[in-house]
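K.L.:
One predicted model, sequence on top.
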Amino acid sequence: MDLSVKVLELTGILDGIRGNELRREVSAIVDNGADILLLDMKEVKFIDSSGLGALVSAMQIVRNANGKLFVCSISDQVRMLFELTKMDRIFKTFTDQDEFNRQVLATQ
């Protein structure tokens, strides 16, 4: 079975405004039939509480469509935020897209 994989590269600050854009983008990606979504966050400098909420919403959107959402390339600051808010238990994270490809796509 061929899985449809989409990579979404996020940049800058993930706040309320960008979070709303993220929700719309994720909905569109899922509506277009993606089975797996990878959020590449190497260019994300900061996430506020609205941004965290948007990530959780994105996860719910993907799960409701029976898809999977993964995150890669998070900065040390974002990793610390994920750990403090227990988001690291919700999101499966990878060091970078190469690790994601080796661990997820190679096993499909």
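P.N.:
Right, received. Where do you want to start? Numbering: from 1, shown residues only.

K.L.:
in stretch 41-61, what's buried?
P.N.:
If you call a residue buried by 16 or more other CB atoms under 10 Å, then stretch 41-61 has these buried ones: 41, 44, 47, 51-52, 54-55, 57-59, 61. Where you see a C-beta, it was placed from the backbone N, CA and C, and this is true even at glycine.

K.L.:
quick one, strands of this structure?
P.N.:
Here the chain has its strands, by DSSP state E, at 5-14, 36-47, 68-72, 92-94.

K.L.:
Check which helices and strands the second one sits against.
P.N.:
What that stands for is strand 36-47. strand 5-14, helix 16-31, helix 49-64, strand 68-72, helix 76-84, helix 97-103 (3 or more CB pairs under 8 Å, 6 or more residues apart in numbering; DSSP states H and E).

K.L.:
Tabulate those in TSV, adding columns for mean pLDDT and distance to residue 37.
P.N.:
What follows is the helices and strands packed on strand 36-47, written out as TSV (pLDDT from 0 to 100; distance: least, CB to CB, whole Å):
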stretch	mean pLDDT	distance to residue 37
strand 5-14	95	5
helix 16-31	95	6
helix 49-64	96	6
strand 68-72	96	5
helix 76-84	92	17
helix 97-103	93	11
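
K.L.:
Looking at the ones you listed, which one is packed in the most?
P.N.:
strand 68-72 (a mean of 22; mean count of other CB atoms under 10 Å).

K.L.:
what angle separates that strand from strand 36-47?
P.N.:
Counting by axes from the mean of the first three to the mean of the last three CA atoms, to 10 degrees, strand 68-72 lies at 40 degrees to strand 36-47.

K.L.:
ok, strand 68-72: who's next to it in the sheet?
P.N.:
Here strand 68-72 is paired, per DSSP bridges, with strand 36-47 (parallel), strand 92-94 (parallel).

K.L.:
Give me the contacts around that strand.
P.N.:
Contacting residues not belonging to strand 68-72 are listed as 26, 35-42, 55, 58-59, 62-63, 91-97, 99-100, 104 [CB atoms under 8 Å, 6 or more residues apart in numbering].

K.L.:
Go again with 7 Å.
P.N.:
Outside strand 68-72, the residues that touch it by CB atoms under 7 Å, 6 or more residues apart in numbering are 36-41, 58-59, 62, 91-97, 99-100, 104.
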